[in-house]
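**Q** One predicted model, sequence on top.
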Amino acid sequence: MTLNRRTFLGTGAAATVALSAPRAIGASHGRPRVVVVGGGAGGATAARYIAKDSQGEIDVTLIEPSRSYYTCFFSNLYIGGFRDLSSIAHSYGTLASEYGINVVHDWAVGVDRDAKTVALAGGGSVPYDRLILSPGIDFVDGAVPGWDVTTQNRMPHAYKAGSQSELLKAQIEAMPEGGVFAMVAPPNPYRCPPGPYERVSMVAHVLKEKNPTAKILIVDPKEKFSKQGLFEEGWAKHYSGMIDRIGPDFGGDKVSVDADAMTVTIDGAVEKVDVCNVIPAMKAGLICERAGLTEGNWAPVIPATMQSRLDENIHILGDASAQGDMPKSGFSANSQAKVAAMAVRGALTGSRIFPAKFSNTCWSLIGTDDGVKVGAAYEATDEKIASVSSFVSQTGEDAALRKATYEESIGWYAGITADMFG
Amino acid sequence: MSTGSGIMLALGGAALVVGVAYGVNTRSYRDAELQVMTDRLARVEATNAALRAEAAQTDALTARVAELEAALTDAQRQPEVSAAAVEAPPTPQIDAAQPGLGNAQAGADVFRKCQSCHSVGAGAEDRVGPHLNGIFGRRAGAHAGFRYSEDMAMMGADGLTWTLDTLDAYLENPKALVSRTRMNFAGLKAAQDRADVLAFLRQYSDRPQNIPEAAPTAMAPEVTLSDDILAIVGDPEYGAYLASECETCHQRSGADDGIPAITGWPEADFVVAMHAYKQKIRPHPVMQMMAGRLSDEEIAALAAYFRGLD
Ligand SMILES: Cc1cc2nc3c(=O)[nH]c(=O)nc-3n(C[C@H](O)[C@H](O)[C@H](O)COP(=O)(O)OP(=O)(O)OC[C@H]3O[C@@H](n4cnc5c(N)ncnc54)[C@H](O)[C@@H]3O)c2cc1C
């Protein structure tokens, strides 16, 4: 995406814009103010829909530290060599120039819920009438003994896309002949239930071409995982003998790592590995905790509107929210964002509110032209977002259907990124 | 779901036409789709012919109304009550507009009736009946190591899978679903009791948040069909909201790589295609799921909205 002058004004120099944007709001007296923290699948969609549908009636500010958002979705395909990195990068230019959203490139460091302001790392604060938090995930401290964010460059998680994905890909390509790639898979719930297993498929795809005697070891605390039958069928078909998975019955839940020695210890047994992809247990993006909106690791919400159960002026979207049955996915976050956008507009401008509808589909690529999918429809009940129907690709499907499923995922990617970034 | 003959006729004729036009954009699955559609259409047409012979349109409509009413009473059926109990306040009903979700806590009490034979939860074991951990999403008669009745095993082999819907039917009247099941239980007649005990049991099976393909946790609200679907005037403003769900995949710009464009269609074609998905005449699972939960008014609203985009 090319930057034009207005874009540059919209998303340029963080500190100055950070301070001037809120003042500009003060000048546009009386317009209700929505502040969105996090410009990912949930936040970018919510900001765009509120700005688009309120047609200038609502002032929208989006706070997001990165100038480029690398989608986690399709980052595994980048690792597998099916996409290049630039194809999963998106900027906020159009949201600023076409939709009039104040894009502030900074971190939100705190929320004063009484004063209704968000504090920024660069100084200053932004007032809101409604706040939307969609900060994604952070990792639970100490979840994998021996690993913390200071070791993440030696043992990458690549579970926030961008430089981490690049690093992991480079490490895989530099593996010695016949080397071992280990993945420490996360416990439930985590973002993108099939994500680790799609990743394994993509790593296997690379190794099969470049380093066919290499091995992949998955250390998994979970008994089962999503699309398991489909992945295992695909692994046997495309990467026979390459992938081993150690589940909790063999100590997959008792794992520690040593980044200096490059070892993984599974229930006392030490394994020397060449690449170690540690995906630790997850929790809501830290800002939710700082705002006092979490219970346990996640932020509970009211299903029909995605409002925090602890503060009706704040909506929490995507991975960070505890909403019930929806998996933590980009598709889910996007779907929740539209429901929240409608609720926010209804509350601030009296626009019509229709019944909440949610859906999700997750595609995964197992090998070249071998795509599978899982999806479900959901309804809001008082208690939770409840799944009311689901489907999943079947084992034994023919190659044409799998190829069509893969092509569909490419179409979906184009669709959702246009829906997020305009 | 069965439908009135008029609807099926309209769908039968037009769905094929739309399918062909639509196929331009869906190279890869067009052929499979057309084949399935052609087969189904043949069956639909046979049914229609039979229906025409049997009854005039009005009769079919009357039947449909009766059918809908029956479905309604089923969903709300009260326990058999004696004359003396008639005065008692009605048991809570599942609101037809809300997805059916029982109360797990109340369900724990209802489960007492099952406990002499079934256990569930940590350390549950098979007793007279199989333990019920992981029952949702499992084929009937497929829990390894348990000896089922022949009928139950056969139903499983035929494809009976335990979901909220099938378990609800089974619990209401076990022998009506699986004639010679060994489960010696008269059934739970109150819909609320069944919903509650199922909500209780659902906690011990895969959770959709972690395994998205896991069996649903709530029953989809019933969507009713009116007979003049094509005459409904869509509300484009509502359509614009509903369309946000479509636009996650189908681009608003009309671009069509991998996922077909849906802008600028004649409204009638759009409506027919969506009903064809809803009735599972068109085979795509994502679209069947999406269309399956849209009411007729919602489909009309979407058609009106997308018609306006070019
Ligand atoms: C490998 C992998 C593959 C995946 N594949 C798929 C897929 O195929 N399909 C799918 O639907 N989903 C997929 N996902 C999941 C998907 O990426 C996430 O579920 C989705 O991005 C969640 O959206 P979100 O808005 O909650 O968070 P994010 O998209 O992560 O956005 C959060 C944003 O908030 C910003 N932020 C965080 N804290 C602050 C703060 N304090 N102040 C300001 N900004 C902040 C971050 O910089 C980030 O840009 C995948 C994930 C992974 C890791």
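**A** Received, thanks.
**Q** quick one, what contacts the closest residue to B:G159 other than its chain neighbours?
**A** What sits nearest to B:G159 in space, not counting adjacent residues and going by CB to CB, 6 or more residues apart in numbering or on different chains, is B:R139, at 7.7 Å. Where you see a C-beta, it was placed from the backbone N, CA and C, and this is true even at glycine. Contact analysis of B:R139 by CB atoms under 8 Å, 6 or more residues apart in numbering or on different chains lists B:G156, B:G159, B:L160, B:T161, B:W162.
**Q** In space, what's closest to B:L132 - neighbours in sequence excluded?
**A** Once flanking residues are discounted, B:L132 sits nearest to B:V120: 4.2 Å by CB to CB, 6+ apart.
**Q** ok, now how distant is that neighbour from B:A144?
**A** Using CB to CB, to the nearest Å, B:V120 is found at 17 Å from B:A144.
**Q** By pLDDT, give me the weakest of the contacts of B:R139.
**A** For those, the model is least confident at B:G159; its pLDDT is 78.
**Q** Ramachandran angles for that one?
**A** phi 110, psi 10 (degrees, to the nearest 10).
**Q** which residues of the stretch 101-250 of chain A fall in strands?
**A** In the stretch 101-250 of chain A, the strands defined using DSSP state E, counting those that start in this stretch lie at A:102-104, A:108-112, A:117-120, A:125-127, A:130-133, A:137-139, A:180-184, A:215-219, A:243-246.
**Q** circling back: export the contacts of B:R139 to CSV and tack on neighbour count and secondary structure?
**A** Compiled in CSV, the contacts of B:R139 are given as follows (neighbours: other CB atoms under 10 Å in any protein chain shown; DSSP: H, G, I helix; E, B strand; the rest coil):
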residue, neighbour count, secondary structure
B:G156, 19, helix
B:G159, 8, coil
B:L160, 19, coil
B:T161, 16, strand
B:W162, 22, coil
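**Q** which one of the residues you listed sits closest to A:E383?
**A** Within these, the smallest distance to A:E383 is 22.1 Å, found for B:W162 (CB to CB).
**Q** Enumerate every residue touching that closest one.
**A** Contacts of B:W162 by CB under 8 Å, 6+ apart are B:I135, B:F136, B:G137, B:R138, B:R139, B:A140, B:Y170, B:A215.
**Q** Just the buried residues of the residues you listed.
**A** Among these, those classed as buried by 16 or more other CB atoms under 10 Å in any protein chain shown are B:I135, B:F136, B:G137, B:R138, B:A140, B:Y170, B:A215.
**Q** Now the fourth one. Nearest residue, chain neighbours left out?
**A** Read that as B:R138. That would be B:W162: by CB to CB, 6+ apart, it lies 5.5 Å from B:R138.
**Q** Just want the phi and psi numbers for the one you found.
**A** phi -80, psi 120.
**Q** before we move on, the earlier item: in terms of neighbours, single out the busier of B:V120 and B:A144.
**A** Per other CB atoms under 10 Å in any protein chain shown, whichever of B:V120 and B:A144 has more neighbours is B:V120, with 19 against 5.
**Q** Tell me how many other residues crowd A:G56.
**A** A count of neighbours around A:G56, defined by other CB under 10 Å, yields 11.
**Q** you'd agree it is up against A:Y99?
**A** No: contact criterion CB atoms under 8 Å: A:G56 and A:Y99 do not qualify, at 9.8 Å.
**Q** Show me the chain divided up by domain.
**A** If you meant another chain, say so; for now it's chain A. Using automatic domain parsing, the domain parsing of chain A gives A:27-138+A:283-355, A:147-280.
**Q** switch to chain B, that's the one I care about
**A** For chain B, the structural domains run B:1-78, B:104-202, B:227-307, going by automatic domain parsing.
**Q** Could you identify which of these has the lowest mean pLDDT?
**A** Across the domains of chain B, the lowest-scoring stretch is domain B:1-78, with a mean of 47.
**Q** Tally up the residues packed near the closest residue to A:L207 other than its chain neighbours, please.
**A** Once flanking residues are discounted, A:L207 sits nearest to A:A214: 4.4 Å by CB to CB, 6+ apart. When counting by other CB under 10 Å, one arrives at 22 neighbours for A:A214.
**Q** Distance check, A:A214 against chain B.
**A** Shown here: A:A214 relative to chain B, a distance of 29 Å by CB to the nearest CB, to the nearest Å.
**Q** same deal with A:F391?
**A** Distance of A:F391 to chain B, computed by CB to the nearest CB: 4 Å.
**Q** and if you look at A:C72?
**A** Distance, A:C72 to chain B, by CB to the nearest CB: 16 Å.
**Q** Run through the residues that contact that residue.
**A** So A:C72 contacts A:Y159, A:K160, A:A161, A:R191, A:C192, A:G195, A:G330 (CB under 8 Å, 6+ apart).
**Q** could you redo the last one with a cut-off of 6 Å?
**A** By CB atoms under 6 Å, 6 or more residues apart in numbering or on different chains, A:C72 lies in contact with A:A161.
**Q** for the ligand, what are the nearby residues on the stretch 1-150 of chain B?
**A** Nowhere does the stretch 1-150 of chain B come near the ligand, counting by CB under 6 Å from any ligand atom.
**Q** Skip the chain neighbours and tell me the closest residue to residue 229.
**A** Chain wasn't specified; assuming chain A. Distances taken as CB to CB, 6+ apart place A:T395 nearest to A:G229, at 5.3 Å, with adjacent residues excluded.
**Q** was after chain B, sorry
**A** That would be B:D296: by CB to CB, 6+ apart, it lies 4.9 Å from B:I229.
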